[in-house]
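Chemist: Here is my input, please return the structure:
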Amino acid sequence: MRSRIIKTINKYGLLSEGDTVLIALSGGADSVLLAHFLIGIREEYDLTLKAAHIEHGIRGAESAADCEFVENLCKENGIECHTLHINAPAEAKAAGMGVEEYSRSRRYEFFDTIACDKIATAHNLSDNIETLLFRLARGTSIKGLCGIPARRGKIIRPLLELSGDEIREYLDENNIPYRIDSTNADNAYSRNRIRNEIVPLFKELNFDLEASMIRLIESANEDSDYIEQQARIAFDEVFVSNALDLQKLKELHVSIIKRILIKYFALNGIALNEYKLKEIIKLLEAPSKTQLSGDVFAVSNKQTLRVAHMGGSEDNVFLFQSEIYSKKDFINKYELLNKRFDFYCDCDKIVGSVRVRSRREGDRISPANRNCAKSLKKLYNELGIPVESRSIIPVIEDDNGVIGVYGYCVDERVKADESTKNYLVVKVSTEDKL
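Modeler: As a prediction, this is how the structure comes out:
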């Protein structure tokens, strides 16, 4: 048993000489074996051992007895013991989470408060198989088939290549006491049902289930590692100025594209679920946007796909002044008018009053001298105006509709030409004064 665990430790580089190791110690068979193993190699590896125990408030006196068992085990073996008492059912309900999910979250939060180099958990091969079956039932990717990793950050799992039956058999043969959680028989918990009902059915089909699952997990990890390696190389080629080169991205295999998208959005603080990932992939084929959360969107044009923060209001209030000039005065005063952020047109072609507002759904314009009509959305796409900036661009209208986009174009209907006698000049500001 010892040699097999040492082999796993060396295989994945789980321990270094002089490490301070925090043992996640529930008092159950797996964690007790883990504690006894680490105690046995403490001097050889010059380890400092600590333990963390969470009393979940689920099993009353039994749970309290588990805590006492752990504290005594630590005291007898010179292990610094940290305990946390919670009411998992009540706290999970208040948090809108399942008891298992909430308890796991609190455990790791507690572990992170204790200074250490490594956090050793007692996950074993049986846990790995149960995790794999659980993920298969819910739908998973090749990453899910990789099972529980032997190492993730500070977390190490030295028992990952031992089955639960092997662990209990070893403890019983060596008269090493451990606690038995009575809720392990309650099949209302998903993992218990997998362990108690589903795994035995699989073993009827294949008595050597553990060995078969090990092969599957190893194969999935090998394939996943290779795809991840290729994705890292491709990411460096398509990532430019916190955006993704759309044309280069589209040339890649979808398995690489997905990993690049997950990494890119993670760099921007956004975790993608399967639904969001599918919506983003749609943006590769047609310029558009999809909301990720709050004012955060994924947007694409013909060149790039990127994150955009749409902070602007779709109903901005613009302050503006409009002045009318004769043709002579206009030429004298505004001969250099045709520049960004200015707008002028033929005053006598205006219908009703002039107003300035943000773009609205359905807005259309016929840009002067273009002999065509188009939506403002399409016009903005052509002009390369970032999606998050569009709501702050003033749109000018009269009673018959849009007559211009401030700083960009005027509508054919009101454009100034040789017959123009009076010019309307509009100046827009979002400040309190013009």
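
Chemist: can you give me the mean pLDDT across stretch 231-244?
Modeler: Stretch 231-244 shows a mean pLDDT of 95.

Chemist: no, scratch that, I was asking about stretch 318-334
Modeler: 85.

Chemist: Pull out the buried residues from it.
Modeler: By neighbour count on 16 or more other Cβ atoms under 10 Å, the buried set for stretch 318-334 is 318, 320, 322, 325, 330. No exception for glycine: its C-beta is placed from N, CA and C like everyone else's.

Chemist: Equivalent analysis for stretch 46-58, please.
Modeler: So stretch 46-58, judged by 16+ other Cβ under 10 Å, has buried residues 47, 49-58.

Chemist: Same check on stretch 277-294?
Modeler: 279-281, 283-284, 287-289, 292.

Chemist: Then stretch 188-196?
Modeler: For stretch 188-196, by 16+ other Cβ under 10 Å, it's 189, 192, 194-195.

Chemist: Would you mind putting these into JSON lines with secondary structure and pLDDT alongside?
Modeler: Formatted as JSON lines, the buried residues of stretch 188-196 follow (DSSP: H, G, I helix; E, B strand; the rest coil; pLDDT from 0 to 100):
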{"residue": "Tyr189", "secondary structure": "coil", "pLDDT": "75"}
{"residue": "Asn192", "secondary structure": "helix", "pLDDT": "86"}
{"residue": "Ile194", "secondary structure": "helix", "pLDDT": "91"}
{"residue": "Arg195", "secondary structure": "helix", "pLDDT": "89"}
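
Chemist: I'd like to know which of those is nearest to Gln230.
Modeler: Comparing those against Gln230 with Cβ to Cβ picks out Ile194 as the nearest, at 33.3 Å.

Chemist: which ones are touching the closest one?
Modeler: Neighbour list for Ile194: 130, 133-134 [criterion: Cβ atoms under 8 Å, 6 or more residues apart in numbering].

Chemist: Count the residues that sit near Gln230.
Modeler: 15 (other Cβ atoms under 10 Å).

Chemist: Can you give me every residue that contacts it?
Modeler: Neighbours of Gln230 in contact, by Cβ under 8 Å, 6+ apart: Ile256.

Chemist: Am I right that it falls within a helix?
Modeler: Yes - applying DSSP: H, G, I helix; E, B strand; the rest coil, one finds Gln230 inside a helix.

Chemist: Mind pulling up the pLDDT for Arg215?
Modeler: Arg215 is given a pLDDT of 93.

Chemist: ok now do it, which residues does it touch?
Modeler: Contacts of Arg215 by Cβ under 8 Å, 6+ apart: none found.
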